[in-house]
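S.K.: Below are the sequence and a predicted model for it; my questions follow.
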Amino acid sequence: MFVVSCSYVHMLDVVASRCRLPFHSYLREVMDDGVVIGGVEIEVHVLGSDALTVRRFFWSQDGVGYLSLYNDAAFQAICFLQGLYGFVVLDYNYHGMMTYRELARSAVVLAASLVRSSGSVVGGDASAAVGDVNDASRQQMLHARLVSTACSF
């Protein structure tokens, strides 16, 4: 078995190309106290003007190795560019899929609990008792299916 990791640095290179950024680069600075910080500098077009551009800087520190030093800064730049250009990054990594799975399970459990709690309301009319039994059995079956679905995630 092996693990493949996606780098935000590589992703930023792809995004910069697709968004046709005039310029982007990776910077490294050593502060007065010896702390090394990594940064990303991007240049984007000002909306509504083809000639005007704006430069933005994103910084991170405490990286272990060359890529991780720039990874957080590249992630910040990607988030900024997402807000500006409105693109979506599809993330199929294990952590993202597990988060989605837990979110889906929580939504199903919430729906099941709402079905269960709505069945506890009983009307005062005796003529509606037969209808209430049918509704209650349908709600129990729906609840059982929802719980079964949540357990199968």
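M.R.: Cool, got the structure. Residues are numbered from 1 along each chain as shown.

S.K.: show me the contacts for the residue nearest to Tyr8 when sequence neighbours are not counted.
M.R.: Taking C-beta to C-beta, 6 or more residues apart in numbering, and ignoring the residues beside it in sequence, Tyr8 has Ala74 as its nearest neighbour in space, at 3.9 Å. Heads up, the C-betas are built off the backbone N, CA and C, glycines and all. When the contact criterion is C-beta atoms under 8 Å, 6 or more residues apart in numbering, the partners of Ala74 are Ser7, Tyr8, Val9, Met11, Leu12, Val40, Phe58.

S.K.: farthest-separated two in those?
M.R.: Farthest apart among the contacts of Ala74 by C-beta to C-beta are Ser7 and Phe58. That separation is 15.2 Å.

S.K.: more neighbours, the two?
M.R.: Phe58 (21 against 14; other C-beta atoms under 10 Å).

S.K.: Pairing partners for the more buried one in the sheet, please.
M.R.: Val40 (DSSP bridges).
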